[in-house]
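Asker: take a look and give me a structure for this.
(2 chains)
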Protein chains: 2
Amino acid sequence: MERIWSTEIRQHVGERVRLAGWLHHLRRLRGVSFLILRDAKGLAQVVVEDPAVVEQLAQLHHESVLTVDGTIVAEPQAPGGVEVRQPSVEVLSPAACPPPFDLFRPVVKAQLPTILDHAPVALRHPRHRALLRIASASMAGFRATLRSMDFVEVQTPKIVGAATETGANVFTVDYFGRPAYLAQSPQLYKQIMVGVFERVFEVGPVFRAEPHDTPRHLNEYVSLDVELGFVRDHTTVMEVLTRVLQGMVSAIRDEAADAVAQLGVVLPEVPQPIPRIHFADAMEMIARETGDDLSREPDLAPEHERWLGDWARREHGSEFLFVVGYPMSKRPFYTHPDPARPGYSNSFDLLFRGLELVTGGQRLHRRADYLAALAARGMNPEPLSWYLEAFAHGMPPHGGFAIGLERWVARLVGAANIRETALFPRDMNRLAP
Amino acid sequence: MERIWSTEIRQHVGERVRLAGWLHHLRRLRGVSFLILRDAKGLAQVVVEDPAVVEQLAQLHHESVLTVDGTIVAEPQAPGGVEVRQPSVEVLSPAACPPPFDLFRPVVKAQLPTILDHAPVALRHPRHRALLRIASASMAGFRATLRSMDFVEVQTPKIVGAATETGANVFTVDYFGRPAYLAQSPQLYKQIMVGVFERVFEVGPVFRAEPHDTPRHLNEYVSLDVELGFVRDHTTVMEVLTRVLQGMVSAIRDEAADAVAQLGVVLPEVPQPIPRIHFADAMEMIARETGDDLSREPDLAPEHERWLGDWARREHGSEFLFVVGYPMSKRPFYTHPDPARPGYSNSFDLLFRGLELVTGGQRLHRRADYLAALAARGMNPEPLSWYLEAFAHGMPPHGGFAIGLERWVARLVGAANIRETALFPRDMNRLAP
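Answerer: Next up, the predicted model:
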C-alpha cells in the first residue's frame, strides 16, 4: 500500500490507507486510546481500541517511528473532522528514551538555551517547523520573483583572500598555512557579476565575527543578496526590493499557509510604493517630536527606528518605511553619493515594523571614484585590485540590497530572539548542534 | 524610452528602440562601421554610418558601457536577421583601458591561470557566461524537482564545532579564540532534518582542505544535497536522484537553450531506470576484461570508472551508470550495510560519462548502530553527541546524496578543468579574485 500524508486523509474517507510518522502523543483513556501520529506535513488522530495495540504503543517512547494502516472515518469531534480507526501498527524505529521535553504541548516548555541545545528534537515541534517553513517559502518567493525579472543566480566564494570590505569583524581561516577570511557578504562579487549578467542574486551564508551577544545578531546567517545594473539611482533598487518583498509575502501565503495559521502570523501588506523619508528629515522630525538631541550622532538608534516605524504606521498605514540618503560617513566605501546633496548618499535602509531589515543603495561605478573613495578613507587599494579590475572595464550605474533571512522571519512572526528562527544558530558561545 | 534586451529586437522591426550594454566590438570599414553591443542576454549589431558617431565610438575602449537608441531593420545578412540603424549613442561609463584579452573572439585566447586571474572580465565572454547560465539552470531544476516532491529547503551552518565527519581535510577557523571548522558537507545536519521534515535539500558551499592540485578538485564548491526518510533502502534514493537529474536536464533545455547552443552541448538522456551494476560484479568484470589485478585494492580507480562508463554506453546505451554496494570499508561511518551481503553497503556512486558525479546511499538510523559503527572505527562518539541525539529519538530509515555543481557542469560541457566552471575557483594557490 502506498503511504499518504496526514494532510491527505480527508480525501480518503471510507478507505484503508497507510500513514507513517512519529509517535507524537498517546492519550490512554478508559476503553479507548488516541494515538497522535506526526508526519512532515501535520498530525493525524488514530483511535486505538484493540488492547493489544494499546499495549504495543504504551511500551514505546514518544518519537518512535511508526507505520500505521487504518480506515479513515469522518468524525466531527476529531481534529480536521476525520480520524483513523482499526489501526495496525508497525514499529519502524523505536526511540531509545523519552524526548528532553514534550513535543505535543502547544509550545516547548523549556528555556531558549535548552531548546537550542536540543535543536535536533526541538525543531520537530510544529511551531518550530512552522518557522522554518516560512523561511523556506521566503527563499522560494525571493528567487521566483527575481528569476521572473531576468536575474541570474550566482554562488560566490565564501573563503576570501583579503579582509577588505570593512576590515574588521572577519573570521580568519587557516588556508594551507596562510591566513584567509570568511566572506562578510557577497558584496564585492555580486558587483563584479553585474558586469557579466547585469542582474544577479544569491542566497547563501555570510559570516560576521561581531563579539556581541544580542537577541538580534547571529555570527553566521543567511543573506538574500541582489545586485542590478543600469539603474537610474537607488530608487530603481527600491522598486526591485518592493517587488521582491511582495513576492516573498505571497510565496509565504501560498506555500506556508499552514505555518502562518499555526503561528498566528499576520502577513504584512507591502504597499506600492513603500513610503519613504529622507534621513535628514527623519532626524529633524524625531528631534522635534521626541526632544532628543540628535545633532552629535548622525545615525538612527534602535529607539528612533521604532519611533519611525510607529510614525509610518500612523501616517501612512504602512509597516514598511524606506529611510533614504544616509550620511556618506555612515556607509561603506562603495556607496554612491547623492549628487544633489553633499554629504548624503544614494542609499537606504528599509525598516519593517520599526526594525532595520534591509540595507541597500547605489554603488560607485567608475574606477576613478573608487580610487578617490579608498584614498579618502585611508584604505589601501592593492588588496582590492581584483575587484577594481571590474570597474576599469566598464560598469554601468548599479546598486543592490541584502535581506537577512532570519531577521525577516523573526520580525514577521514577532520572535523575541533571532535564534528562534535560525536552523542551528551560531553565536559567540554556540557552535553546536 | 524603455530599454529592451538584445534578444528582443526581432519583435521590433521598424521601431525606434533603446538598447544598453557593453561595447563588445567595433569593426570599422570604409563608409560603414559595425558596433556589436553586448547585454546580459546576447549581442546586437548596430550599423554606424554617421562619421561623428564612428569617431565617438573609436575613442572608447572595448567594454565601455553604452546606451544606444536606434531603428530596427530586417537585414538577412545580419546575425539573427535584424540590425540597428541610425544609432545615437550615449556613453554611460567609459572603460579606463583595454581589456586584458579580446572578448569578441570565439574563445578567450589566454592560458587558464590568466583567465582566472582576470575572471571579472573573462566571465563576460559569451562562452564563460554560458557555463554559468547552465549552472544557474541546474540549480533551478534541482530545486523545482524536489519542491514538487514535497522536499523542504534548509540552510545549515557552515561553521561547525567539531571536525567530525571524516576527521581529516577540514579548514580551521579562529572562532573568538577557539578552533572551529568549515563544514565538509551538510551531511550530519541534513540527516537531523529528516527527523523534522522527512525530505530536505540544500544548495550551498562545502569546504575541503584537500592538499591536491588536480583538474577535478576544488577546495570550495557548491554542493546540491538531498536527504529523505522512509526509504525502502538505497534504491529509493536512486529513484529520487534519477528524477532530480531529469529535472536538471530539462531546466537546462528550457532555461539555458542559448547557452547550450553557444557551447554546442549535447544534453544527455537520463534513462528510467538508470542501469546499475554491483560493485563486486563491476570489479570482477573489469579484472576479467582488462586483466588488471584488482584483488588487493577494493576500489575503482579513475581508469576503471572510465572503462565502466564506456561499458554502460556500449551495453546499455546510457551515459549514466549506478555502481551499487561499495565495500563498507570504503564508506563513512554513517553508511548502512547491505543486510544480505556482509562487507558491502547500501550505497552507490553515479558515474556520468565515466566519472563519479554523485555519491549517496542509505544511512544507519538506529542509535545503537551508530555507537557500534563509531566504536568499530575507533571514533569517539562524544563530539558527535548532538548528532546522535537525533537517533535516540526515532529516525526512520533514510538516505540521500550530494551532487557537486561544478563537476556536473564540467562533465556536461566537457570542460578539461573544473576551474573553468566555477565562478571564482578556490584551490591551494588561488584565493582571488
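
Asker: from now on I want contacts and neighbour counts done on CA atoms only, so please keep to that.
Answerer: Fine.

Asker: these two touch, right, residue A:416 and residue A:217?
Answerer: No: using C-alpha atoms under 8 Å, residue A:416 is not in contact with residue A:217, being 11.9 Å away.

Asker: more neighbours: the two, which one.
Answerer: residue A:217 (20 against 12; other C-alpha atoms under 10 Å in any protein chain shown).

Asker: apart from its chain neighbours, what residue comes closest to that one?
Answerer: residue A:418 (6.9 Å; C-alpha to C-alpha, 6 or more residues apart in numbering or on different chains).

Asker: could you measure from the one you found over to residue B:300?
Answerer: 47 Å (C-alpha to C-alpha, to the nearest Å).

Asker: residues touching the closest residue to residue A:320 other than its chain neighbours, list them.
Answerer: Setting aside the residues directly before and after it, residue A:320 is nearest to residue A:352 in space (C-alpha to C-alpha, 6+ apart), at 4.7 Å. Residue A:352 sits next to A:309, A:319-321, A:411 when contact means C-alpha atoms under 8 Å, 6 or more residues apart in numbering or on different chains.

Asker: what is the most widely separated pair among the residues you listed?
Answerer: Distance extremes for the contacts of residue A:352: the farthest pair is A:321 and A:411 at 14.2 Å, using C-alpha to C-alpha.

Asker: higher neighbour count, these two?
Answerer: Per other C-alpha under 10 Å, whichever of residue A:321 and residue A:411 has more neighbours is residue A:321, with 29 against 20.

Asker: for the more buried one, which three-state class applies?
Answerer: Following DSSP: H, G, I helix; E, B strand; the rest coil, the label given to residue A:321 is strand.

Asker: show the model's pLDDT score for it.
Answerer: We have a pLDDT of 98 for residue A:321.

Asker: name whatever forms a beta bridge with it.
Answerer: Here residue A:321 sits in beta bridges with residue A:351, as judged by DSSP bridges.

Asker: what's the spacing between it and chain B?
Answerer: Residue A:321 is 28 Å from chain B, where distance means C-alpha to the nearest C-alpha, to the nearest Å.

Asker: shouldn't that residue be in contact with residue A:274?
Answerer: Yes: between residue A:321 and residue A:274 a contact is recorded at 6.2 Å, counting by C-alpha under 8 Å.

Asker: spit out the contact partners of the nearest residue to residue A:258 once chain neighbours are set aside.
Answerer: Leaving aside its sequence neighbours, residue A:258 sits nearest to residue A:130 (C-alpha to C-alpha, 6+ apart; 7.7 Å). Shown in contact with residue A:130 (C-alpha under 8 Å, 6+ apart): A:256, A:258-260, A:262-263.

Asker: so what's residue A:356 up against?
Answerer: By C-alpha under 8 Å, 6+ apart, the neighbours of residue A:356 are A:305, A:349-350.

Asker: and it, which helix or strand is it part of?
Answerer: strand A:355-363 (DSSP states H and E).

Asker: distance of residue A:243 from residue A:374?
Answerer: 33 Å.

Asker: please apply the same query to residue A:259.
Answerer: Taking C-alpha to C-alpha, one finds residue A:259 at 47 Å from residue A:374.

Asker: of these two, which one has the most company?
Answerer: Between residue A:259 and residue A:374, counted using other C-alpha under 10 Å, the more crowded position is residue A:259 (22 against 17).

Asker: now the more buried one: closest residue in space, sequence neighbours ignored.
Answerer: Nearest one to residue A:259, counting by C-alpha to C-alpha, 6+ apart, is residue A:130 at 4.4 Å.

Asker: all strands of the stretch 201-350 of chain A, in order?
Answerer: A:220-229, A:276-278, A:320-324, A:347-352 (DSSP state E, counting those that start in this stretch).

Asker: can you put those in CSV and add distance to residue A:4?
Answerer: Converted to CSV, the strands of the stretch 201-350 of chain A look like this (distance: least, C-alpha to C-alpha, whole Å):
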stretch, distance to residue A:4
strand A:220-229, 33
strand A:276-278, 49
strand A:320-324, 41
strand A:347-352, 40
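
Asker: so which of those strands gets nearest residue B:387?
Answerer: strand A:220-229 (19.7 Å).

Asker: what's that closest one packed up against?
Answerer: In terms of contacts (3 or more C-alpha pairs under 8 Å, 6 or more residues apart in numbering or on different chains; DSSP states H and E), strand A:220-229 is packed against helix A:187-197, strand A:199-207, strand A:398-404, helix A:405-413.

Asker: mind doing that once more with 10 Å?
Answerer: helix A:126-148, strand A:152-153, helix A:187-197, strand A:199-207, helix A:234-255, strand A:355-363, strand A:398-404, helix A:405-413 (3 or more C-alpha pairs under 10 Å, 6 or more residues apart in numbering or on different chains; DSSP states H and E).

Asker: average pLDDT for the longest one, rounded please.
Answerer: Read it as helix A:126-148. Mean per-residue pLDDT for helix A:126-148: 98.

Asker: mind listing what's buried in it?
Answerer: Within helix A:126-148, the residues that count as buried by 16 or more other C-alpha atoms under 10 Å in any protein chain shown are A:126-147.

Asker: just to revisit the earlier point, the strand holding residue A:356 vs helix A:405-413, what angle?
Answerer: 130 degrees (axes from the mean of the first three to the mean of the last three C-alpha atoms, to 10 degrees).

Asker: circling back to that earlier point, relative to residue B:432, which of the contacts of residue A:356 is nearest.
Answerer: residue A:349 (30.3 Å).

Asker: pLDDT at that closest one, what is it?
Answerer: 98.

Asker: isn't it up against residue A:326?
Answerer: Yes: between residue A:349 and residue A:326 there is a contact under C-alpha atoms under 10 Å: 8.2 Å.

Asker: next, show the common contact partners of those two.
Answerer: Each of A:279, A:361 lies in contact with both residue A:349 and residue A:326 under the rule C-alpha atoms under 10 Å, 6 or more residues apart in numbering or on different chains.

Asker: low-confidence stretches in the stretch 151-300 of chain A?
Answerer: A:164-168 (pLDDT under 70).
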